[in-house]
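**Student:** Just to be clear, the model below is a prediction. Sequence and coordinates:
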Amino acid sequence: MTSSLTPTHTLTVAQAAEALGVSERTVWRYLKSGRLAGETVGEPGQQRTLIDPEAVAALQSERGDGPEAAALRAERDRLAAELARAQAEREALSARVALLQRAVARPRPGMLARAAERALAAAARARGPRVSSVR
């Protein structure tokens, strides 16, 4: 098979994915569906899929990859980073809550006795003074 694409004027799947701002898996889906043209060259076991840069450019223009798309991708990336920070903060807080719950669940010597004394004292204050004699 004679290749119409020369390796020096082509993109790899990884390079096409980076240029399009998608994953390599998405580029493979584009190739399989015919949305992106590519050619596999080489002997079995050492094959490479070569993609014409013009096909990538055509797909970019078809997708509307302009300044607006770049701004949307930048906003998406900013929000993804913010979400990652929020998730990390949530995990840190969850770990702290778990630590506090373990500390509270572990009885300490005298803790139950002191808690019982405080509860009895509070109950006594709530009842008010006792009347010791009846007239």
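**Tutor:** Okay, I see it.
**Student:** switch to C-alpha atoms for all contacts and neighbour counts from now on
**Tutor:** OK.
**Student:** which helices and strands sit right next to the host helix or strand of residue 112?
**Tutor:** Assigned by DSSP states H and E, residue 112 belongs to helix 111-127. If you count contacts as 3 or more CA pairs under 8 Å, 6 or more residues apart in numbering; DSSP states H and E, helix 111-127 packs onto no helix or strand.
**Student:** Which positions within that helix qualify as buried?
**Tutor:** Buried residues in helix 111-127, counting neighbours by 16 or more other CA atoms under 10 Å, are absent.
**Student:** just how off-centre is the longest helix anywhere in the chain within its chain?
**Tutor:** Longest helix in the chain by number of residues, with DSSP state H as the criterion: helix 67-105. Put simply, helix 67-105 sits 8 Å off its chain's centre (CA atoms, centre = their mean, to the nearest Å).
**Student:** and residue 36, that's in a helix?
**Tutor:** No: counting by DSSP: H, G, I helix; E, B strand; the rest coil, residue 36 falls outside a helix, being coil.
**Student:** re earlier: show the average pLDDT along the helix holding residue 112.
**Tutor:** Averaging pLDDT along helix 111-127 gives 81.
**Student:** likewise stretch 33-47?
**Tutor:** Mean pLDDT, computed over stretch 33-47, is 89.
**Student:** residues of it that come out buried?
**Tutor:** Those would be 36-38, 41, for stretch 33-47 by 16+ other CA under 10 Å.
**Student:** and residue 16, how many neighbours?
**Tutor:** By the criterion of other CA atoms under 10 Å, residue 16 has 23 neighbours.
**Student:** Roughly how far does it sit from residue 76?
**Tutor:** 20 Å (CA to CA, to the nearest Å).
**Student:** Might you list the low-confidence residue ranges for the protein?
**Tutor:** Along the chain, the parts satisfying pLDDT under 70 run over 1-8, 64-66, 107, 128-135.
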